[in-house]
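In: Provided below for reference: sequence and predicted model.
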Amino acid sequence: MKFGWINVFGAVFVLLLIIPNIIYALKNKNIKNLCENKVMNISEQIGRYACIIFMWFPLFVWKFGFKSVLEFVLYFLVNGLILIAYWVAFAFYLRAKNALLAITLAVLPTVLFLFNGLILRHWLLVASAILFGIAHIYVTSKNN
């Protein structure tokens, strides 16, 4: 299976990933970022938005798709499991905020982006996921 110039599945995965974050942001409007490292804060945002863009658009990827049916099935299975784990962790985090759950919520999106980059051979997504993961985990640890 090959994608066109938009990866609709990637867009759906991103939307499902950010829904809990939107709900959390609406309920907790006065949360302050305690991380004072500007480089890491900026890196986190660059990595985040690059991952979102590259999940939707196969920029600089000439053959964007799967080499086999197994890859296609694996793509949906792994993304589904990561999203379920993320939503479950988020539900627990809303009940009782703690550092372990916060780090889990930083790691799972990183794994999702990294997995997608690897399975789709989208090396800019892989690089963005690494940047996002390092910065997001750092910023999250400073905030908890």
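Out: Received the coordinates, thanks.

In: Surely Val14 is in contact with Trp56?
Out: Yes - at 6.8 Å, Val14 and Trp56 qualify as touching, with contact defined as Cβ atoms under 8 Å. From N, CA and C alone the C-beta is placed, and that goes for glycine too.

In: element containing Tyr75, please.
Out: helix 69-95 (DSSP states H and E).

In: tell me which residues of the next helix or strand after that helix are tucked away?
Out: Using DSSP H and E, the helix or strand that follows helix 69-95 in sequence is helix 99-119. Buried residues in helix 99-119, defined by neighbour count with 16 or more other Cβ atoms under 10 Å: 101-110, 112-117, 119.

In: Show me what counts as buried in the helix holding Tyr75.
Out: For helix 69-95, by 16+ other Cβ under 10 Å, it's 75, 79, 82-83, 85-86, 89-90, 93.

In: Now the residue nearest the centre of the chain: closest residue in space that isn't a chain neighbour?
Out: The centroid of the chain falls nearest to Pro109 when counting by Cα atoms, centre = their mean (3.1 Å). In this structure, Pro109 finds its nearest non-sequential neighbour in Leu17, 5.8 Å apart by Cβ to Cβ, 6 or more residues apart in numbering.

In: Good, we can wrap up now.
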